[in-house]
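Visitor: Pasted the sequence and its predicted model underneath.
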Amino acid sequence: MSEHASSDGFEAAAEGQALLPSMDLEVARQAEEISDTPGMGMAAAASELADQPPLIILSLLTALGGAAAGNRRLARTGIRMLAAHGLATLAKDLIKNRVDRSRPFKAASSGRHEFRPGQSDRKEDRSFPSGHSAGGIAVARAIGREYPAVGRPASAAALLAAAIQVPREAHYASDVLAGLAIGAVSEAVVDIAFGKLGEEPERAIARQADKLLRNPD
């Protein structure tokens, strides 16, 4: 699709929309100016590292690597990452499974934008909220709880991966902001839960596993 045709699609989709969708569609139209710039394709591909499978694998490797090396801080970081990502994904799915929203690439090609309650299982109708944004920031903030010096660049990378979703026409700006909020709140809830355990979570889990092995009934 040509840039002109895509812009016309966004303009047509914005007709008759409420304020927020109209603003989202205008931002999407403006973002087209950088969608074909050198490096955008590589950046978009790199942003896929914030998708669910890579984040789960990274979290598992961190937890297992820490446990294998006897590094309790690293193991605890991995557990935090898994818990924060899991809660963020659950919260994101609870919303996404109840809201239908046309993704930007669909609105650009069809000239129509829909944002309403619904349960569509079609990828092009599941724009809200952004899972990349939710999972990425949740994991980055979880890392920062144990390793602040690593958490800062991790959070910057997560924010960049989230922002790239707009020019690549995968999400609208409000999808991204909602995803970031979900991820940040989810990680904060996990951090509170860790604090209420009163002891290192990996030790509590190991103790419970030992009890089950000794007393299976």
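Guide: All right, it came through fine.

Visitor: Just the pLDDT for Ser47.
Guide: On pLDDT, Ser47 comes in at 76.

Visitor: Could you do Gly70 as well?
Guide: According to the prediction, Gly70 has pLDDT 85.

Visitor: likewise Ser102?
Guide: The model reports Ser102 with a pLDDT of 93.

Visitor: swap in Leu19?
Guide: 75.

Visitor: Would you map the strands across the chain?
Guide: Ranges of strands in the chain, per DSSP state E, are 99-101, 115-117.

Visitor: Return the most buried member of these.
Guide: Counting by mean count of other CB atoms under 10 Å, strand 99-101 has the highest mean neighbour count of these, with a mean of 21. For glycine as for every other residue, the C-beta is placed from the backbone atoms N, C-alpha and C.

Visitor: Does anything pack onto that strand? Which helices or strands?
Guide: strand 115-117 (3 or more CB pairs under 8 Å, 6 or more residues apart in numbering; DSSP states H and E).

Visitor: what sits up against the strand it packs on?
Guide: Here strand 115-117 makes contact (CB atoms under 8 Å, 6 or more residues apart in numbering) with 21, 98-102, 128.

Visitor: would you turn the strands of the chain into CSV with distance to Glu32?
Guide: Shown next, in CSV, are those (distance: least, CB to CB, whole Å):
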stretch, distance to Glu32
strand 99-101, 19
strand 115-117, 20
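
Visitor: Rebuild the contacts of strand 115-117 as JSON lines, extending it with distance to Ala156.
Guide: Output for those, formatted as JSON lines (distance: CB to CB, whole Å):
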{"residue": "Pro21", "distance to Ala156": "29"}
{"residue": "Arg98", "distance to Ala156": "32"}
{"residue": "Val99", "distance to Ala156": "29"}
{"residue": "Asp100", "distance to Ala156": "32"}
{"residue": "Arg101", "distance to Ala156": "27"}
{"residue": "Ser102", "distance to Ala156": "30"}
{"residue": "Phe128", "distance to Ala156": "24"}
